[in-house]
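Student: A structural model of the following input is requested.
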Amino acid sequence: MIGDVFGPDLFIVAIIGLVGLVIPIWAIVDAASRPSAAFSAAGSSKVMWISLIAAFWFITGIVGLILAVVYLASIRPRVRAISG
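Tutor: Numbers count the residues shown, from 1 in each chain. Got it, this is the predicted structure:
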């Protein structure tokens, strides 16, 4: 099995790495698919969120992940309510 070859520690690190990869990509794709006018109406900026998530994800990883979670939990619902 996978656990026998790689060990449980590597498996846990792989899962954490996968989550750290998927969440920022999800946030960036979601932000890119929403209209800029909805961001403006929600009091935010589409370009700012995409740039911040992408830049900090490439530079530090964890900060980009945190920004992606903030976007998905706080900004996305407001933008989604406006854009439908």
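Student: ok, the residue nearest to Ala54 when sequence neighbours are not counted - contacts?
Tutor: Among residues not flanking Ala54 along the chain, Ile28 sits closest, at 6.0 Å (Cβ to Cβ, 6 or more residues apart in numbering). For glycine as for every other residue, the C-beta is placed from the backbone atoms N, C-alpha and C. Going by Cβ atoms under 8 Å, 6 or more residues apart in numbering, Ile28 touches 50, 53-54, 68.
Student: Among these, name the buried ones.
Tutor: 50, 53-54, 68 (16 or more other Cβ atoms under 10 Å).
Student: Export the residues you listed as a markdown table, with columns for pLDDT, secondary structure and distance to Ala42.
Tutor: Converted to a markdown table, the buried ones among the contacts of Ile28 look like this (pLDDT from 0 to 100; DSSP: H, G, I helix; E, B strand; the rest coil; distance: Cβ to Cβ, whole Å):
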| residue | pLDDT | secondary structure | distance to Ala42 |
| --- | --- | --- | --- |
| Ile50 | 96 | helix | 15 |
| Ile53 | 95 | helix | 16 |
| Ala54 | 95 | helix | 20 |
| Ala68 | 96 | helix | 17 |
